[in-house]
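Colleague: Structure for this input, please:
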Amino acid sequence: MRSKFFVLILVLAALALAACGGSGDLTPEPEVITETVTVEVSPAAETETETEAGAETVVATVAAAEEMAATGLPPVDPLRITGDIVTAGSSTVFPLSERMAERFQNEGYADQITIDSIGSGAGFERFCEAGETDISNASRPIKEAEIENCAALDPARTPIEFRVGTDALAVTVSAENDFVDDITMDELAAIFSTAATWADIRADWPARPIQRFIPGTDSGTFDFFVEEVFDKNAEPILSASNLQLSEDDNVLVQGISGSPYAIGFFGYAYFQENQDILHISGIEGVMPSDTSVEDGSYALARPLFIYSDAGIMQAKPQVADFINFYLTYVNEEVVNVGYFPASEAAIADAQAKWLEAMAQ
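Modeller: Numbering: from 1, shown residues only. Just a heads-up that it's a prediction; the model follows:
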């Protein structure tokens, strides 16, 4: 209405000039055109707003495309994801999964993620026998018998392995221990089996009983240590004297730190978290590092995994989205947790398995 009112005034003004000027120049004044154009301010503002909104949409689309190009996976917005997620398994993988779940929630996911630290073996029991969990955390590869248990479920599950990091199993003593700095693999085997005192390992070490603190037999850490040190034969370590087992790595930390004659092993993250009260030993002259775990020169380096199933991922989009998020950002978090990143090739392989599971 305001626009029409101004135009009417301009028209009346032009007629008045024509009446007064007779045969004078009737060419419209430049300022009349200028004023007429300025009347269209409101529509122009709307157009500008629409243009800005369109630009924001384009920017968001480009950003999403760039993210997918960088990771190989479609972008995930935790704000839009609903439904609970249940995971269980390795105590070693636990702090990494906990960190990824915290980031997932910090970025908007509002439902519940359950992460139980019960050991790799117990985790596979809940995933493949009870069928209770959506994701199984593991510090060792799944065993053939566990795969068969998954297949026997109704509906059957086919475990998909996703590599999420690398651990350097840490052999640790108390910070008060001033004699263990490096040990050989043979010495490691003796320490955790037949040796009664530290002097049985090296004559110049104290003739004091060795106190041993190790993960429980459901732990993937236990399985890995037995495989690497005892060639898969658990009898020597389970027959050792002064032996305490626990599925809780924090219990092991307390036991080891409590005596200068104690020793134990667990995931590297637990050493890093407690390095003020613990001392880590080298193995065969090699300390764990990015380089030594990647090239295999550190003898006790091992991969870390999470497992799921295509049927679960398709039936529960929140599970697929969390795994996508995990694989996309894990290498930004893994070092801060206390582990070492998986290689780019390993992460790319895990992402390809995700795409295959989701038929993308």
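Colleague: where in the chain is pLDDT low?
Modeller: The chain contains residues with pLDDT under 70 at 1-71, 360.
Colleague: all strands of it, in order?
Modeller: Applying DSSP state E to the chain gives strands spanning 85-89, 113-117, 135-138, 159-168, 170-174, 182-183, 211-215, 243-246, 262-266, 278-280, 282-283, 301-309.
Colleague: out of the ones you listed, which comes closest to residue 332?
Modeller: Residue 332 lies closest to strand 159-168 among these, at 11.7 Å (C-beta to C-beta). In this view, the C-beta of every residue, glycine as well, is placed from N, C-alpha and C.
Colleague: which other helices and strands contact that closest one?
Modeller: helix 144-151, helix 268-273, helix 290-295, strand 301-309, helix 317-337, helix 344-357 (3 or more C-beta pairs under 8 Å, 6 or more residues apart in numbering; DSSP states H and E).
Colleague: one step back: need the winner for burial among the strands of the chain.
Modeller: strand 135-138 (a mean of 29; mean count of other C-beta atoms under 10 Å).
Colleague: starting at the chain centroid, how far to it?
Modeller: The chain centre lies 12 Å from the centre of strand 135-138; the measure is C-alpha atoms, centre = their mean, to the nearest Å.
Colleague: same deal with stretch 230-237?
Modeller: 32 Å.
Colleague: cool, and stretch 348-358?
Modeller: Averaging C-alpha positions (C-alpha atoms, centre = their mean) puts stretch 348-358 15 Å from its chain's average.
Colleague: Alpha carbons only: can I get that stretch in CSV?
Modeller: Extracted C-alpha coordinates of stretch 348-358, given in CSV (Å, rounded to 0.1, in the frame of the first residue of the first chain):
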residue,chain,number,x,y,z
ALA,A,348,39.9,-47.2,5.5
ASP,A,349,39.3,-51.0,5.5
ALA,A,350,36.9,-50.6,8.5
GLN,A,351,35.0,-47.8,6.7
ALA,A,352,34.7,-50.0,3.6
LYS,A,353,33.2,-52.8,5.8
TRP,A,354,30.7,-50.3,7.2
LEU,A,355,29.6,-49.3,3.7
GLU,A,356,29.3,-52.9,2.6
ALA,A,357,27.2,-53.7,5.7
MET,A,358,24.9,-50.8,4.9
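Colleague: and that stretch, which residues are buried?
Modeller: 350-351, 353-354, 357-358 (16 or more other C-beta atoms under 10 Å).
Colleague: Stretch 259-275 now?
Modeller: Buried residues in stretch 259-275, counted by 16+ other C-beta under 10 Å: 259-274.
Colleague: quick one: which of these is nearest to residue 109?
Modeller: residue 269 (23.4 Å).
Colleague: Skipping adjacent residues, who's closest to that closest one in space?
Modeller: Nearest non-adjacent residue to residue 269, counting by C-beta to C-beta, 6 or more residues apart in numbering: residue 338, 3.0 Å away.
Colleague: who are the neighbours in contact with residue 342?
Modeller: By C-beta atoms under 8 Å, 6 or more residues apart in numbering, the contact set of residue 342 is 163-166, 303-304, 330-331, 334, 350.
Colleague: Would you point out the most distant pair within the residues you listed?
Modeller: 303 and 331, at 13.8 Å, using C-beta to C-beta across the contacts of residue 342.
Colleague: hmm, back to that, any chance of the buried residues of stretch 348-358 in JSON lines with distance to residue 103 as columns?
Modeller: Supplementary listing: these in JSON lines, determined by distance: C-beta to C-beta, whole Å:
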{"residue": "350", "distance to residue 103": "18"}
{"residue": "351", "distance to residue 103": "18"}
{"residue": "353", "distance to residue 103": "22"}
{"residue": "354", "distance to residue 103": "18"}
{"residue": "357", "distance to residue 103": "22"}
{"residue": "358", "distance to residue 103": "21"}
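Colleague: Just flag the most distant two among the residues you listed.
Modeller: So, these by C-beta to C-beta: farthest apart are 350 and 358, at 13.0 Å.
Colleague: In this structure residue 100 contacts residue 330, no?
Modeller: Yes: the criterion here is C-beta atoms under 8 Å, and residue 100 meets it with residue 330 at 6.4 Å.
Colleague: quick revisit: distance to residue 204 added to the strands of the chain, as a markdown table?
Modeller: Listed next are the strands of the chain as a markdown table, based on distance: least, C-beta to C-beta, whole Å:
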| stretch | distance to residue 204 |
| --- | --- |
| strand 85-89 | 42 |
| strand 113-117 | 39 |
| strand 135-138 | 40 |
| strand 159-168 | 28 |
| strand 170-174 | 16 |
| strand 182-183 | 14 |
| strand 211-215 | 19 |
| strand 243-246 | 25 |
| strand 262-266 | 17 |
| strand 278-280 | 18 |
| strand 282-283 | 18 |
| strand 301-309 | 30 |
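Colleague: Out of those, which is closest to residue 324?
Modeller: strand 159-168 (10.2 Å).
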